[in-house]
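Novice: sequence first, predicted coordinates after that:
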Amino acid sequence: MIKIRRFSLAILAVGSVNLFPSICLGQTVQLPENSTFFTGQPPTLISAETLESWTNWPNAHYYFVFNLPTNSVESLGKVTIQQQENVDTIKFNLDNTHAFIGTQRNPKQTLTFTTTQDSKTQAVAIVFNPPIPPGTTFTIRLDAKQNPSSSGVYLFSVTTFPAGENPTGLDMGVGRLTFYQNY
């Protein structure tokens, strides 16, 4: 186990992004040996959007756009996307998940990945093989079987993981999608 003490936490902060936000100064953190975490400039969630924002819309596409900067040291191995509690739970058609270099408006090369969903938390995990190299903007498209029947704002927690042994996830914050009632 690797022990990180108070004086070591400064190394784990990149700009204003704390790689371990739940850690209070003065605590000791235990990480498994050979842990991998992002160093250099971390990835960012650029946007989350859908063009099909009406409630009950069938086969809607949700786009999550990321950037892994050139000066990031590690490649990106996995992304998890988990809907936060809301009135409706959105069900995904995981077989129709897509991932590609570029953005929704400028798609380029298709990426190779596997997709799974945790049966308890409903978090969707997208594992890239090969991992995404630094200097890449890429998009994950999740397909909902149907948009929620209740209008409102729906939040999705997004976490990225570096490629490598024992990866430590980096919280990207939330992707926000708003759905409107079609009158």
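Specialist: Good, I have the coordinates.
Novice: CA atoms for contacts and neighbours, from now on please.
Specialist: OK.
Novice: output the below-cut-off pLDDT ranges for this protein.
Specialist: Along the chain, segments meeting pLDDT under 70 span 1-32.
Novice: which of the residues in stretch 172-181 are buried?
Specialist: M172, V174, G175, R176, L177, F179, Y180 (16 or more other CA atoms under 10 Å).
Novice: then stretch 158-174?
Specialist: 158-164, 167-172, 174.
Novice: returning to what we had before: what is the nearest of the buried residues of stretch 172-181 to P130?
Specialist: M172 (21.3 Å; CA to CA).
Novice: so that closest one versus E49, what's the distance?
Specialist: 15 Å (CA to CA, to the nearest Å).
Novice: next: N67.
Specialist: 15 Å.
Novice: which one of the two is surrounded by more residues?
Specialist: N67 (20 against 17; other CA atoms under 10 Å).
Novice: now the helices: where do they sit in the chain?
Specialist: Secondary structure of the chain (DSSP state H): helices at 9-12.
Novice: can you tell me which residues contact the residue nearest to the spatial centre of it?
Specialist: In the chain, the centroid-proximal residue (CA atoms, centre = their mean) is V158; its distance is 3.4 Å. By CA atoms under 8 Å, 6 or more residues apart in numbering, V158 lies in contact with L45, V79, T80, I81, Q82, D171, M172, G173, V174, G175.
Novice: next, give me the two most distant ones among these.
Specialist: Longest span within the contacts of V158, CA to CA: L45 and Q82, 14.0 Å.
Novice: for F161, give its distance to H98.
Specialist: 18 Å.
Novice: ranges for the strands of this structure?
Specialist: 2-4, 13-14, 17-18, 29-31, 44-49, 61-68, 76-83, 98-103, 106-110, 113-117, 124-132, 136-143, 152-162, 170-179 (DSSP state E).
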